[in-house]
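Novice: just the structure for this:
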Amino acid sequence: MQHKKLAAAIAAAYGFALACAPAAQAQNAAALAVAAISDTAVSASAAAPGAAIADAAQEGAGAAAVAADVAQVIASVTVSTRRRNETSQSVPTSMSVLDDKSLENNRVYRVQDLQQLLPSTTVNFVHARQLSFAVRGLGNNTASDGLEGSVGLYLDNVYLARPGMAAFDALDVQQLELLRGPQGTLFGKNTTAGVLNITTKQPTFRSENTASVSAGQDKYAQGKASISGAFSDTLAGRLSVYKTHEGGYIRNIYNGKDVQGGDRQGVRAQLLWEPDSKFSARVIADYNEEDSNNGTMVFYSAGPSGRWLTQAAAVGGHPITNPAARQVNLDSGSHVSVHQGGLSAEANWKLDNDYKFTSISAFRFWNFTPRNDDGLDVPVTLNVGALARHRQFTQELRLATPQGREVESVVGAYYYYQNLDNTNFTFNGPLADKFNGTPSGAWSNLTSFADGHLRVNSYALFGQSIWHIDPKWDLTAGLRATYEDKRAFEIRYAPTGGAAVTGAALASRNARYGAFNSGEITLNNLSPSGLLTLAYKIDADVLGYATLSHGEKSGGINLTVPGAAGIASLKIDNEKANNAELGIKSNFWERRAQVNASVFANIVRGYQNNAYDPATQSSYITNAGDVRSRGAELETTFLVARGFTLGANAAFNDVKYLKYTNAPCPPEITATSCNLSGRAALVNAPRWTSSLNAQFAHAVADGVEGYFNANTSYRTEVFGTLDASKYAKIPAYALTNLSAGARFKAGGAKWDVSLWAKNAFDKLYYTSLWNTSFGAYNAVLGTPRTLGLTARADF
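Specialist: As a prediction, this is how the structure comes out:
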């Protein structure tokens, strides 16, 4: 019966979404007029007043309203970041938490939008392979198959080795936790910048079903459904599905079609077995796929010489040079196909001595296939890119001592295996030589393939203890040792096609596309991590803490053909971070106000970052010298009145290179290398970020609760590429999201219907920049204003 409900719910939801999309566009003006204030829970325990009111609503006959009363305090948030359940305000570390209501109210269903809600966070997004997370300015190292990210991503306690594995729509998410600073003494993989931990909703032993449908501008439509319940007294299950369609917001005038949109869909199935109070096992299987033309970039700047535009004109190209037009002129266009999924099993045993043993086993795969255009409407490069096939297996074992003792500890072991294959490909058209200025016949009509392979075995032991010195003082210490063995090779085959050439044309062909075999490349290293935190409970509602931590992320291997630096440049050394932090977490005004603040200083040696080689026209990872990140963060929440909450966060980050003497030069400087030492020139690292939010909910009629939400986020100007060119700056921008809706009961279900506006003031902004040939730059445009309607039913 439950499965029939689920099938009917998702079919109806998505069908209705598709049918209503045009109608929703016709209601743009009305949607913007009624949209008011949008919710964002950017603090570690931001309140959700609408949910609180709904939970406190008085059931039964004679109820005057859905929300008749609400506790006049900010609700606490439970986290398990220290592998034990506790409130976020009692954890002496800098962290932020977003619950499912915060994500829904802000219409945040893609990872690239999280930077609007999470302080000190930047998401660099082109498509699923070129995706990275940065915290406090550290971590923008995209598109390297041979390297993990500086920010660790976890889905239900399972490490996601590729950042693109998180590029799916939020489905049945319970909570997001962002931990800032080096991690590793408790989490499976060691990281230097932070951790984003995604937790989905577990199966329930009581019936819990929900379905939602959304429709909006640019042919946006989304349907989601979830069904949960018990098979028996000891076994429960949960099934969740979604399908999203986006019509695209950039017009390709070559064929009149809209691009930068497409389809995503996924399913998640779970079983929870609890035979008694001492044992539980949770098994999760999920699958997601994407078929889109994400990755479409607009022309941003021709650089100092303007040669890219000159060469485009020489081959009869007609590029669109005004990004504000939201247009491209592409004969081939871009396309992305992603298939990913996995299977995980988490078992928890409570032993007779109250120790807790945990085992987490997981297998995941990720397949990515792109098609990329040359940015022109003539056949210069027909298709270029890199496809990837990733497989990983992880096993984590943990033993936790009972809570309440003078010393509480967690010890564990972790194993990670990765097997990755990629293929770099180029299909040149007949105008390749004329555009690139190479000898006739050198590059035109050539096809080139290069295969790369990476195998990783990673082993780690970790442990962390909390010593409760007295009722006010706690001392936390943690250690981790990680040993990794990486083996790789890169083979580029002799090019095929094209004309038979000799002399200068042959030399140019071989220099760019000639056969190459790296042989086996090995990398072995030991990466220690450590943590020391002293916490003091000033009173029952105020916690102060000081932290010293060291984190290391292992080196990597570039799966690409090297440039002039040769095979040695394929290896990347460890990234090492030393972090110091002071913080305070407080509740006051009878727990109707919450203020969390921290100051930090992090020095990173051998910072790993993305660079561009103009000779090979390819990106690669390098150790970009030494970096210092220091600053301050403030997160606040105020429960002003019943149902009315205000929140604000701000982060100042002074991040710069301490030493980087061999940086790639921008196109305005003609030199072999440049010195970026002392410059605040890191990629996509804003000096200031901030967010303001307001939430209001009130009973407007018998059994009806109305609510209004608003959120505005701001970030300052940044450099978009590693060369720190003045032509590659992303301007500062602010985005505002608005929504208004009502919650009520009808037909045996609890309904939530809302009108919303994302980027309400239609700000033109860019999320990332990328180098291209002749010192030019392309950009990824952010989404324009989108108005829409969402209806959700819980039954």
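
Novice: what's the neighbour count on the residue nearest to residue 202 when sequence neighbours are not counted?
Specialist: Spatial nearest neighbour of residue 202, excluding adjacent residues (CB to CB, 6 or more residues apart in numbering): residue 272 at 5.8 Å. Any C-beta I mention is one placed from the backbone N, CA and C, and that applies to glycine too. By other CB atoms under 10 Å, 22 other residues sit near residue 272.

Novice: go on, residue 402?
Specialist: Residues lying near residue 402 (other CB under 10 Å) number 13.

Novice: for residue 234, see how far away the residue nearest to residue 202 is.
Specialist: 9 Å (CB to CB, to the nearest Å).

Novice: thinking again about what came up before, mind listing what the residue nearest to residue 202 touches?
Specialist: Residue 272 sits next to 202-203, 235-238, 280-282 when contact means CB atoms under 8 Å, 6 or more residues apart in numbering.

Novice: read off the pLDDT value for it.
Specialist: Listed pLDDT for residue 272 reads 98.

Novice: SS state for it?
Specialist: strand (DSSP: H, G, I helix; E, B strand; the rest coil).

Novice: what pairs with it across the strands?
Specialist: Beta bridges link residue 272 to residue 236, residue 282 when assigned by DSSP bridges.

Novice: against residue 200, how distant is it?
Specialist: 12 Å.

Novice: what's the answer for residue 322, then?
Specialist: 42 Å.

Novice: one more: residue 328?
Specialist: Taking CB to CB, one finds residue 328 at 37 Å from residue 200.

Novice: these two: who's more crowded?
Specialist: Neighbour count, other CB under 10 Å: between residue 328 and residue 200, residue 328 has more, with 27 against 20.

Novice: do I have it right that that one meets residue 252?
Specialist: Yes. Look at residue 328 against residue 252 with CB atoms under 8 Å: they come within range, at 5.3 Å.

Novice: got any residues that touch both of those two?
Specialist: 259, 296.

Novice: so which of the contacts of residue 272 is the most crowded?
Specialist: Result: residue 203 is most packed of those (other CB under 10 Å), 24 neighbours.

Novice: look at that one and give its secondary structure.
Specialist: coil.

Novice: residue 534: how many residues sit nearby?
Specialist: 16.

Novice: surely it and residue 472 touch.
Specialist: No. Contact criterion CB under 8 Å: residue 534 and residue 472 do not qualify, at 11.2 Å.

Novice: from residue 438, how far out is residue 776?
Specialist: Residue 776 is 17 Å from residue 438, by CB to CB.

Novice: which of those two has more neighbours?
Specialist: Ranked by neighbour count (other CB under 10 Å), residue 776 and residue 438 place residue 776 first, with 25 against 18.

Novice: show me where this protein has its helices.
Specialist: Assigned by DSSP state H, the chain shows helices spanning 2-26, 28-34, 49-56, 100-105, 307-314, 432-436, 503-513.

Novice: comparing these by mean pLDDT, which bottoms out?
Specialist: Among the helices of the chain, helix 28-34 scores lowest, at a mean of 34.

Novice: how far away is residue 478 from residue 92?
Specialist: In terms of CB to CB, residue 478 sits 12 Å off from residue 92.

Novice: for residue 589, list the residues it contacts.
Specialist: Contacts of residue 589 (CB under 8 Å, 6+ apart): residue 638.

Novice: same check, this time on residue 113
Specialist: Residue 113 neighbours (CB under 8 Å, 6+ apart): 106, 123.

Novice: show the pLDDT at it.
Specialist: 85.

Novice: got it, and residue 170?
Specialist: Looking at residue 170, the pLDDT reads 79.

Novice: distance of it relative to residue 266?
Specialist: 10 Å.

Novice: check residue 383 too.
Specialist: 27 Å.

Novice: try residue 316
Specialist: 43 Å.

Novice: more neighbours: the two, which one.
Specialist: The neighbour count for residue 316 versus residue 266, taken as other CB under 10 Å, is higher for residue 266 (20 against 11).

Novice: any idea how many residues pack against the closest residue in space to residue 387 that isn't next to it in sequence?
Specialist: With sequence-adjacent residues excluded and distances taken as CB to CB, 6+ apart, residue 387 is closest to residue 369, at 4.6 Å. Here the number of neighbours of residue 369 (other CB under 10 Å) works out to 16.

Novice: same thing with residue 472?
Specialist: That count, for residue 472 with other CB under 10 Å as the rule, works out to 12.

Novice: gap between the residue nearest to it when sequence neighbours are not counted and residue 586?
Specialist: The shortest distance from residue 472 to any non-neighbouring residue, by CB to CB, 6+ apart, is to residue 537 (4.7 Å). Computed as CB to CB, the residue 537 to residue 586 distance reads 11 Å.
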